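1. Okay, here's the prediction I keep looking at, along with the sequence it came from:
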Amino acid sequence: MTKKITWKSIIFTLNCYRTDYPTLQENQPLKQGSFQRLCLSDISNSSSPQAIDDLSISLAGSKLHIFSLDELKEATHNFSWSNLLGEGGFGPVHKGFFDDKLRRGLKAQPVAVKRLDLSGLQGHREWLAEIIFLGQLQHPHLVKLIGYCYEEEHRLLVYEYMPRGSLENQLFRRYSAVLPWSTRMKIALGAAKGLAFLHEVDKPVIYRDFKASNILLDSDYTAKLSDFGLAKDGPEGEETHVTTRVMGTQGYAAPEYVMTGHLTTKSDVYSYGVVLLELLTGKRVVDKNRPSKEHSLVEWARPMLRDPKKLYRVIDPRLEGQFPARGARKVAALAYKCLSHHPNPRPTMSDVVAILETLQGFDDVFIGPFVYVAIGEDQKEA
Ligand SMILES: Nc1ncnc2c1ncn2[C@@H]1O[C@H](COP(=O)(O)OP(=O)(O)OP(=O)(O)O)[C@@H](O)[C@H]1O
Ligand SMILES: [Mg+2]
């Protein structure tokens, strides 16, 4: 698992206010002035029960359910190990099941219950950020938050269950089946749409933690972004975010953000480029088990992305040549641009969506390994 990095201290510059929560369709940007989102800074100064009660009133229009700890214990068989889906910095994630009698208006369904590890590094602020962002922003490429639980020191989050888990598991787990090219492109497009949506709401959101483990996959490989614990409302007008505490995950964070704390939507575009490179190569962003020149995927692979002769060295060999040559070159050129050292040449996420739209629909037909038959000297003469 890649590690979270944290340096120095953070400056919060979030501000905005209240209610009216539209449900958005794919590619439907929020209209300026149609509503104003509730922001983290409105609430995060207080973790008092009163403040959380106020939160549930403020988010009443978001249709989030508030669950008791006992209800979530019952749904997950008391958080049994057999139901454990994974564990990140926030705490363990368990699969659970709601029957149709639990709440009016809540259908019977499997769910994923994330429980804050009370001794962990992340905490109340991340829990709150998740509720505030996902409670108000709904989109086909963002995971759906069904509700939450707040009881004494306990903090839990309840999401729709994503049957294929994370992209990290699908792409890198040793015994998982190889993801075909067309599926990789579908995932790349879905994740790009999720990020483009966040960047285009009338007060843009910087996601800050774009990585393979935060892209969850539905049964048909529809990609959905999860984990808004580090998300930030973007600066308004001429303001810029300069943060003295850099948060994110090693290898995925943009160089200017790591070096200067300067945070923009283009920092997310860099992280997107890293994931696109992981999809192209089938390799993790950082892996100390590779030869030393290849420890950093970006340093090793980026120079080869623009050279068609070298490109074949970086494309995932497990694809066994089953990818369209032109499409692969376009994806490589896109990853190259997203991974620009300076933010300006990086495309916007809607540029990325537009390019990836043209690269869908490759028919992955397995034709078996290519066999080269050498002609013997005697045959040449014949
Ligand atoms: N809604 C969900 N449906 C199915 N599986 C999920 C869901 N949410 C999380 N998981 C599983 O739980 C794992 C842990 O998720 P979590 O977001 O807590 O940690 P992480 O992304 O691995 O690490 P980090 O804390 O750095 O974000 C995921 O990798 C995924 O396999
Ligand atoms: Mg995560």
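-> Arrived safely. Ligands and ions are numbered 1, 2, ... in the order given.
2. Please name the residues that touch R302.
-> Residues near R302 by C-beta atoms under 8 Å, 6 or more residues apart in numbering: 277, 335-336, 339. For glycine as for every other residue, the C-beta is placed from the backbone atoms N, C-alpha and C.
3. looking at those residues, which has the most residues close by?
-> Ranked by neighbour count (other C-beta atoms under 10 Å), those have A335 at the top, with 26 neighbours.
4. Name the nearest residue to that residue, ignoring sequence neighbours.
-> Leaving aside its sequence neighbours, A335 sits nearest to L276 (C-beta to C-beta, 6 or more residues apart in numbering; 4.3 Å).
5. and what of I146?
-> Distances taken as C-beta to C-beta, 6+ apart place V158 nearest to I146, at 4.6 Å, with adjacent residues excluded.
6. pretty sure that neighbour contacts L145?
-> Yes. Using C-beta atoms under 8 Å, V158 is in contact with L145, at 7.3 Å.
7. quick one on the thing from earlier: would you confirm that the residue nearest to I146 belongs to a helix?
-> No. Applying DSSP: H, G, I helix; E, B strand; the rest coil, one finds V158 to be strand, outside a helix.
8. circling back: out of the contacts of R302, what pair is the most spread apart?
-> Maximum pairwise distance among these (C-beta to C-beta): 9.1 Å, between L277 and Y336.
9. quick one: common contacting residues for these two?
-> 302, 305.
10. Touching stretch 339-346 from outside, list them.
-> If you take C-beta under 8 Å, 6+ apart as the criterion, stretch 339-346 is touched by 254-256, 264, 266-267, 269-270, 273-274, 277, 298, 302, 337-338.
11. Just the buried positions in it, please.
-> By neighbour count on 16 or more other C-beta atoms under 10 Å, the buried set for stretch 339-346 is 339-340, 343, 346.
12. Write out the residues of the protein neighbouring ligand 2.
-> Taking C-beta under 5 Å from the ion as the contact definition, the chain meets ligand 2 at 88, 214, 227.
13. Run a quick neighbour tally on whatever residue of the chain ends up closest to ligand 1.
-> Proximity of the chain to ligand 1 (C-beta to the nearest ligand atom) peaks at G88, 1.9 Å away. Neighbour count of G88, defined by other C-beta under 10 Å: 19.
14. Next: Q136.
-> Using other C-beta under 10 Å, Q136 is surrounded by 23 other residues.
15. Next: the one 5 residues further on.
-> A count of neighbours around H141, defined by other C-beta under 10 Å, yields 21.
16. again, but for R125
-> Neighbours of R125 using other C-beta under 10 Å come to 16.
17. Q250 too?
-> Neighbour count of Q250, defined by other C-beta under 10 Å: 14.
18. which non-adjacent residue is nearest the residue in the stretch 151-300 of the chain that ligand 2 sits nearest to?
-> Closest approach between the stretch 151-300 of the chain and ligand 2, counting by C-beta to the ion: D227, at 3.9 Å. Nearest residue to D227, sequence neighbours excluded (C-beta to C-beta, 6+ apart): N214, at 4.5 Å.
19. before we move on, the earlier item: mind putting the residues of the chain next to ligand 2 into CSV with secondary structure and pLDDT?
-> Converted to CSV, the residues of the chain next to ligand 2 look like this (DSSP: H, G, I helix; E, B strand; the rest coil; pLDDT from 0 to 100):
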residue, secondary structure, pLDDT
G88, coil, 87
N214, helix, 96
D227, coil, 90
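20. Just give me the neighbour total for the residue nearest to I146.
-> Other residues within reach of V158, judged by other C-beta under 10 Å, total 25.
21. So it versus G86, what's the distance?
-> Relative to G86, V158 is positioned 16 Å away (C-beta to C-beta, to the nearest Å).
22. re earlier: residues in contact with the residue nearest to I146?
-> Under the criterion of C-beta under 8 Å, 6+ apart, the neighbours of V158 are 65, 67, 72, 96, 111-114, 145-149.
23. for E126, same thing?
-> By C-beta under 8 Å, 6+ apart, the contact list for E126 reads 90, 116, 229-230.
24. gap between the helix or strand it falls within and the chain center?
-> Using DSSP states H and E, E126 maps to helix 124-136. Chain-centre distance of helix 124-136: 15 Å, with C-alpha atoms, centre = their mean, to the nearest Å.
25. Is that helix in proximity to ligand 1?
-> No. Against ligand 1, helix 124-136 shows no contacts by C-beta under 6 Å from any ligand atom, the least distance being 9.0 Å.
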